[in-house]
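Colleague: How does the following fold in three dimensions:
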Amino acid sequence: MSLQSKLLFQKSLRLTKRDFLKYTSGVLSTAILPYPYQLALAKEHWDVIIIGGGTAGLPAAIFAAQKGLKVLVIEKASVIGGTLFLSTGQIAG
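Modeller: Numbers count the residues shown, from 1 in each chain. Sure, this is the predicted structure:
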């Protein structure tokens, strides 16, 4: 892959905080869901299952969802994001 192609690819993967919030607004923390809802999610079919909703997991989930895949993010904490709150404004691939 040429340098120009790599730069264009990296530029296409940049994600602003506004887009990040837009794409992650549907992410659920199943730990706070009632048990029947947890069972319902367990019976679903997922194209991609990502363990960890932090600095690497959420961008991976966003890009997979943008490609039309059905994504499940499993996070042990009660909130998602990990150290993303330290971000300076963009998630770059």
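Colleague: In the protein, what residue spans correspond to strands?
Modeller: Along the chain, the segments classed as strands by DSSP state E run 15-16, 48-51, 71-74, 90-91.
Colleague: Flag whichever of those has the least confidence on average.
Modeller: Lowest mean pLDDT within the strands of the chain: strand 90-91, a mean of 62.
Colleague: Can you find the helix or strand of the protein with the lowest average pLDDT?
Modeller: Using mean pLDDT, DSSP states H and E, the weakest-scoring helix or strand in the chain turns out to be helix 3-13, at a mean of 56.
Colleague: Gln66: how many residues sit nearby?
Modeller: Counted with other Cβ atoms under 10 Å, the neighbours of Gln66 add up to 13. C-betas here are computed from N, CA, C, even on glycine.
Colleague: where are the low-confidence patches of the protein?
Modeller: 1-33, 35, 37-38, 84-93 (pLDDT under 70).
Colleague: Which parts of it are helices?
Modeller: Counting by DSSP state H, the chain has helices at residues 3-13, 17-24, 35-42, 57-66.
Colleague: gap between Glu44 and Leu72?
Modeller: 7 Å (Cβ to Cβ, to the nearest Å).
Colleague: These two: which is more packed in?
Modeller: More crowded of Glu44 and Leu72, by other Cβ under 10 Å: Leu72, with 18 against 8.
Colleague: Contacts only, for that one.
Modeller: Leu72 makes contacts with Leu41, Glu44, Trp46, Val48, Ile49, Ile50, as judged by Cβ atoms under 8 Å, 6 or more residues apart in numbering.
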